[in-house]
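> A structural model of the following input is requested.
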Amino acid sequence: MKKLTRLLAALLCLCVFTPLAMAEDAGTEEASLLTRVLEIAEDGDDLIEMYAEDLSELMGIEPEEYVDFVYLAGTSVETGREVIAVLAVDEVAANHVEEMLNTYLEGRIRETRNYFPVAFKLLSEAKVAREGLLVVLAIGEQAEQETKLLLTGE
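Next up, the predicted model:
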């Protein structure tokens, strides 16, 4: 009987404290992902933070697909400057996020082709990159370096 009571107590603790620990970890990860992007992007202070609604409406990436994201955009459409980093919940979600970011990038290239030559050039050079569950799209002069630093965690 004592073993059963201990087992039930342990199970209860596991059920109660695991979600709390996961929520704390998600909050820490969120702060660190945004912090990393702002530290890496030299023009981070000039970028506008976008919201989950923007990620959903513009790219088709839904909140249940990620643990954390950062979406920063430049103040001028002419530069095409953006940094998007999404930490997916699992492999299936990461595949979908990668696909949606590629589709988004292709659309942005088409939109700028005849109107914004600087943005078109930077968008044409941009690539969606992925390491594990982290998917990154950086657009700008330092995009390749920013992507590498975000994916390697350096």
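> return the distance of stretch 107-120 from the chain's centre.
Distance of stretch 107-120 from its chain centroid, counting by CA atoms, centre = their mean, to the nearest Å, is 23 Å.
> now do the buried residues in that stretch.
Applying a neighbour-count criterion of 16 or more other CB atoms under 10 Å, the buried positions in stretch 107-120 are 108-109, 112, 116, 119-120. Glycine gets a C-beta too; all of them are placed from N, C-alpha and C.
> average pLDDT for the strand or helix carrying residue 95?
Secondary-structure element containing residue 95, defined by DSSP states H and E: helix 91-112. Averaging pLDDT along helix 91-112 gives 97.
> next SSE after that helix?
Along the chain past helix 91-112, the next helix or strand (assigned with DSSP H and E) turns out to be helix 117-125.
> just checking, what packs against that following helix?
Where contact means 3 or more CB pairs under 8 Å, 6 or more residues apart in numbering; DSSP states H and E, helix 117-125 is packed against helix 91-112.
> rerun at 10 Å
Here helix 117-125 touches strand 82-88, helix 91-112, strand 134-139, helix 143-152, going by 3 or more CB pairs under 10 Å, 6 or more residues apart in numbering; DSSP states H and E.
> please tell me how far the residue positioned nearest the centre of the chain sits from residue 93.
Against the mean C-alpha coordinate of the chain, by CA atoms, centre = their mean, the closest residue is residue 86 at 1.9 Å. Residue 86 is 9 Å from residue 93, where distance means CB to CB, to the nearest Å.
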